[in-house]
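Visitor: I would like to see how this sequence folds:
(chains A and B)
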Number of protein chains: 2
Amino acid sequence: MAKQWIDRADVVLRADGQRVADLDTSSTPGFDGGKREGKELLAERAQVLSVLQEKLFAHGRTGGQRSVLLILQGMDTAGKGGIVRHVIGSVDPQGVDHASFGVPTDEEKQHDFLWRIRKRLPAHGQIGVFDRSQYEDVLVVRVHDLVPQAEWEQRYDQINAFEKQAADAGTVIVKVAMFVSLDEQKNRLRQRLERPDKYWKFSPADITERAYWPEYQKAYQAVLDRTNTDYAPWYVLPSDHKWYARLAVTELLIGALSTLKLDWPPANFDIAEQLRRLDES
Amino acid sequence: MAKQWIDRADVVLRADGQRVADLDTSSTPGFDGGKREGKELLAERAQVLSVLQEKLFAHGRTGGQRSVLLILQGMDTAGKGGIVRHVIGSVDPQGVDHASFGVPTDEEKQHDFLWRIRKRLPAHGQIGVFDRSQYEDVLVVRVHDLVPQAEWEQRYDQINAFEKQAADAGTVIVKVAMFVSLDEQKNRLRQRLERPDKYWKFSPADITERAYWPEYQKAYQAVLDRTNTDYAPWYVLPSDHKWYARLAVTELLIGALSTLKLDWPPANFDIAEQLRRLDES
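Guide: Numbers count the residues shown, from 1 in each chain, chains lettered A, B, ... in the order given. Next comes the predicted model:
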């Protein structure tokens, strides 16, 4: 009858001192149950998340200036899309602003790398979700030498300053780095090649990128070492088990929203008077 | 054991010849079950909608140029938000672009009334959702004389031309007008005044607007009479029963997506070759 627990995901998964190369991507830190228990708990906790999200939205509608930003990073097949579908999918779409950042467009290239990111910061009361983010500019860009090192080296500090501004303006930032093993990625890519309903998710480049695995690990390590801050902490998520990753992100969001200590906004009108007006209407 | 049906919602709810003033807002056209059956069927049909939505999204990712736009209109408390939460909430947030149109901002007022609308047309592969829309500019604007009649009179044709363009560009447009009775609205407003978790949804102006009910009915009638087109049809939704409204919109979206006859996109790569590359990687 012992309840599986994970509600201190914000402690359990903190990136402090984590070595990407040493991570057991099949582990389920903070949770001692299996898939079935994990799914049951997720269904339950999704309700908690949904209520917290509605309170955030309610505050945004009544002058509150807080918001939440979930940044998802991870190699291909790590499960970012599944998080959006199965975690973010459990809250009201009215309160969600989802942004997916791909290869920069021509217009985006005419600006600094944070230009397109800044534009998608969540409005008051919203949960913003970044599927990939400013971190691509120190990940794929670094691995493939897309800009000179002197340029990307500066970006870590620039990102920190940017996130500090956003946090000071009222946004609670939660950054999640999802990791699967090289073998698990192979399994998932094979699925995309074997199932006609998944062909569309496959790109030959995904296989090409596998050759750069050690370079990506190094680039992720640098991200964790240089941009894991109090105001925008990184969480390291072992993601071989999809059910676990979804549960853990749910808990991280519950934790982030809980720090806001929001309750339903009070009435900013005289209730008795309005009830009288309503009766007469 | 007879299955309740509603799967021809696109026929049942067509606005052709509908008189707003005569509508029975507590009816459930096309469905002969009650609340319990309705909720059960909704859960089932949400799965169908979800698969169709994913196919649309997959096509968008592989060069397809189709999209869907759901336009929701209705008086305060008609249940637009509930549709977003309970119908749109059942599909993948990655494939949803939700836009809520309130009182125009100063910047928006510096442009024609369709400027802000145009910017939010859904991208390829997306389901766009407009919570209120261009129709506010011939509804609240008309009822309250916010612009001269000569100006709003032109807007019906302008809206038709705009929607024709969008439809020609590949967007399937579904317009839903939600109607509750004056009494049901009173009940719902009273709830917002009696439940602390709903205060934030209430505005004293909502009561003021009740005095304009006949004018709004007339304005809605004009919308139905003048903008109900083959390429962007209106559906009239009796909405006193929330469960029914949600089920009906689910069916309308299933119908809209079904007209696209989408299947999973074929592989645009040599599967055997990629499997070989993957094995070697």
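Visitor: my guess is residue A:82 contacts residue A:247, does it?
Guide: No: assessed by CB atoms under 8 Å, residue A:82 is found out of contact with residue A:247, at 11.8 Å. C-beta: built from backbone N, CA, C; applies to glycine.
Visitor: out of those two, which sits in the busier spot?
Guide: Taking neighbours as other CB atoms under 10 Å in any protein chain shown, residue A:82 and residue A:247 compare with residue A:247 leading, 29 against 19.
Visitor: quick one: that one is in a helix?
Guide: Yes: assessed by DSSP: H, G, I helix; E, B strand; the rest coil, residue A:247 belongs to a helix.
Visitor: who's in contact with it?
Guide: Residues near residue A:247 by CB atoms under 8 Å, 6 or more residues apart in numbering or on different chains: A:6, A:31, A:38, A:41-42, A:45.
Visitor: Farthest pair within these?
Guide: Across those, no pair lies farther apart than A:31 and A:45, at 11.4 Å, counting by CB to CB.
Visitor: buried residues in the longest helix seen in chain A?
Guide: In terms of residue count, the longest helix belonging to chain A (DSSP state H) is helix A:35-61. Neighbour-count burial for helix A:35-61, with 16 or more other CB atoms under 10 Å in any protein chain shown as criterion, is recorded at A:38, A:41-42, A:45-46, A:48-49, A:52-61.
Visitor: Can you check what angle separates the helix or strand just after it from helix A:35-61?
Guide: Next in sequence after helix A:35-61, counting helices and strands by DSSP states H and E, comes strand A:67-74. If you take axes from the mean of the first three to the mean of the last three CA atoms, to 10 degrees, strand A:67-74 sits at 140 degrees to helix A:35-61.
Visitor: and the helix or strand just after strand A:67-74, what does it pack onto?
Guide: Beyond strand A:67-74 in the direction of the C-terminus, DSSP H and E gives the next helix or strand as helix A:80-86. Counting by 3 or more CB pairs under 8 Å, 6 or more residues apart in numbering or on different chains; DSSP states H and E, the packing neighbours recorded for helix A:80-86 are strand A:67-74, strand A:127-131, strand A:171-179, helix A:242-258.
Visitor: average pLDDT across helix A:80-86?
Guide: The average pLDDT within helix A:80-86 is 96.
Visitor: how far does that helix sit from the chain's center?
Guide: Its chain's C-alpha centre and that of helix A:80-86 lie 10 Å apart, by CA atoms, centre = their mean, to the nearest Å.
Visitor: With stretch A:207-227 instead?
Guide: Its chain's C-alpha centre and that of stretch A:207-227 lie 18 Å apart, by CA atoms, centre = their mean.
Visitor: send the alpha carbons of it over as PDB?
Guide: Extracted in PDB, the C-alpha atoms of stretch A:207-227 (Å, rounded to 0.1, in the frame of the first residue of the first chain):
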ATOM      1  CA  ILE A 207      20.800   8.700 -38.100                       C
ATOM      2  CA  THR A 208      23.600  10.900 -39.300                       C
ATOM      3  CA  GLU A 209      23.400  12.800 -36.000                       C
ATOM      4  CA  ARG A 210      24.000   9.600 -34.000                       C
ATOM      5  CA  ALA A 211      27.600   9.700 -35.000                       C
ATOM      6  CA  TYR A 212      27.900  12.900 -33.100                       C
ATOM      7  CA  TRP A 213      26.600  11.500 -29.800                       C
ATOM      8  CA  PRO A 214      29.800  12.100 -27.800                       C
ATOM      9  CA  GLU A 215      30.000  15.700 -29.000                       C
ATOM     10  CA  TYR A 216      26.300  16.200 -28.100                       C
ATOM     11  CA  GLN A 217      27.000  14.800 -24.600                       C
ATOM     12  CA  LYS A 218      29.800  17.200 -24.200                       C
ATOM     13  CA  ALA A 219      27.700  20.100 -25.500                       C
ATOM     14  CA  TYR A 220      24.900  19.200 -23.100                       C
ATOM     15  CA  GLN A 221      27.400  19.000 -20.200                       C
ATOM     16  CA  ALA A 222      28.500  22.500 -21.000                       C
ATOM     17  CA  VAL A 223      24.900  23.700 -21.000                       C
ATOM     18  CA  LEU A 224      24.300  22.100 -17.500                       C
ATOM     19  CA  ASP A 225      27.600  23.400 -16.200                       C
ATOM     20  CA  ARG A 226      27.100  27.000 -17.400                       C
ATOM     21  CA  THR A 227      23.400  27.700 -17.400                       C
END
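Visitor: hmm, that stretch touching chain B?
Guide: Yes: counting by CB under 8 Å from any CB of the partner chain, chain B is contacted by stretch A:207-227 at A:207, A:210-211.
Visitor: With stretch A:257-277 instead?
Guide: Yes: under the criterion of CB under 8 Å from any CB, stretch A:257-277 makes contact with chain B via A:264-269, A:271, A:274-275, A:277.
Visitor: Could you check which helix or strand contains residue A:150?
Guide: Per DSSP H and E: residue A:150 is located in helix A:149-168.
Visitor: low pLDDT regions in the stretch 1-150 of chain A?
Guide: A:1-3 (pLDDT under 70).
Visitor: Would you mind naming what in it lies close to chain B?
Guide: Where the stretch 1-150 of chain A comes near chain B, counting by CB under 8 Å from any CB, the residues are A:58-59, A:61-62, A:81, A:84-85, A:88-89, A:91-94, A:96, A:98, A:100, A:129, A:131.
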